[in-house]
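> Starting from these lines, generate the structure:
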Amino acid sequence: MIQELIKELIEAGAHYGHRTSLWNPKMAPYIYARKNAIHIFDVRETVKGLLYAKKYLYNVAKGGSLVLFVGTKRQASETIEREAIRCHSPFVSQRWLGGCLTNFRTVRSRLGRLEELEAIRAKEDELNTYSKKAQSSLNREYRKMYRNLNGLREMNRLPECLVIVDPKKERNAVLEAKALGIKTIGLVDTDTDPTNIDLPIPGNDDGLRSIEVIIRHLADAVEKGRNSLNIDKTEAETVAS
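You can find the predicted model right below:
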């Protein structure tokens with residue numbers, strides 16, 4: 001299984017880091033070599049980080065806690081949204097809203113406004129009572145709120161863990177998680193400080209295929225954990241009845 005995983009990661013280009021001139025020295029333990037002024041990851045370290053993260057996420061999901069997927073860079077946003085939806089987890093794929101975790105109550109109240117706008121848009125008769133200018137304003141507000149908040153609808157409580165693509169870019173998410181004692185799993189490239197992440201997965205955080213493979217494996221672990229939780233609940237209900 002490990003050999004297959006190594007092959008999959010290499011085929012996805014997960015072993016390619018940034019230019020050597022951009023590296024963070026704290027990534028040295030995860031680097032295997034330099035080639036054409038590019039750092040090459042030790043794929044064994046990538047596999048080790050990925051397996052640790054999968055085991056942890058399985059237990060988090062099996063315990064009924066939430067995992068929040070975060071990745072707003074162009075290469076990551078589509079994968080983050082797709083895989084988070086598949087494993088029934090909240091996500092941020094467009095823009096990290098300041099206070100998303102540390103000001104959680106306010107974010108929940110904004111979700112209430114989003115649902116209110118959707119209700120207005122769903123009733124054509126009610127929408128037509130507004131002037132053309134007001135309708136245009138409501139539509140703009142809705143599109144902006146949907147883009148930024150749609151992935152957080154199911155986050156009815158703070159998550160146990162964040163899965164982050166490129167913690168350097170998602171610095172605010174990392175800081176908020178750290179302030180609240182929320183665990184972080186991060187796909188970290190050679191230009192990133194891995195000590196800011198609880199469970200770093202060293203690998204290419206710019207390549208589309210690299211991101212897809214790693215996030216898919218992490219989402220698989222969450223999905224399996226949730227399925228195990230549901231089986232346990234079903235068995236408990238059967239015994240109780």
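
> Now do the worst-scoring helix or strand of the chain on mean pLDDT: distance to the chain's middle.
Taking mean pLDDT, DSSP states H and E as the measure, the helix or strand of the chain with the lowest value is helix 124-127, at a mean of 79. Averaging C-alpha coordinates over helix 124-127 and over its chain gives two centres that are 37 Å apart (CA atoms, centre = their mean, to the nearest Å).

> So which residue is smack in the middle of the protein?
Nearest to the mean C-alpha position of the chain, counting by CA atoms, centre = their mean, stands residue 69 at 1.8 Å.

> What is the distance between the host helix or strand of that residue and the centre of its chain?
Under the criterion of DSSP states H and E, residue 69 resides in strand 67-70. Centroid separation for strand 67-70 versus its chain: 3 Å, with CA atoms, centre = their mean.

> What pairs with that strand, parallel or antiparallel?
Strand 67-70 has the following strand partners under DSSP bridges: strand 91-92 (parallel), strand 161-165 (parallel).

> So which of these is the most surrounded?
Most buried of these by mean neighbour count (mean count of other CB atoms under 10 Å) is strand 161-165; its value is a mean of 28. Placement of C-beta: from N, CA and C, glycine included.

> and for that one, what are the contacting residues?
Under the contact criterion CB atoms under 8 Å, 6 or more residues apart in numbering, strand 161-165 has outside partners 53, 56-57, 60, 65-71, 73, 76, 80, 170, 173-174, 177, 182-187, 197, 205, 211, 215, 218.

> Report all helices and strands that the longest helix belonging to the chain contacts.
For the chain, the helix reaching the highest residue count under DSSP state H is reported as helix 208-240. With contacts defined as 3 or more CB pairs under 8 Å, 6 or more residues apart in numbering; DSSP states H and E, the secondary structure elements packing on helix 208-240 are helix 2-11, helix 43-62, strand 67-70, helix 74-86, strand 161-165, strand 183-188.

> Just the CA atoms from the shortest one would do, formatted as PDB, please.
As requested, the backbone C-alpha atoms of strand 67-70 are provided in PDB (Å, rounded to 0.1, in the frame of the first residue of the first chain):
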ATOM      1  CA  VAL A  67     -13.200  19.100  10.100                       C
ATOM      2  CA  LEU A  68     -13.000  22.400   8.300                       C
ATOM      3  CA  PHE A  69     -11.200  22.300   4.900                       C
ATOM      4  CA  VAL A  70      -9.500  25.500   3.800                       C
END
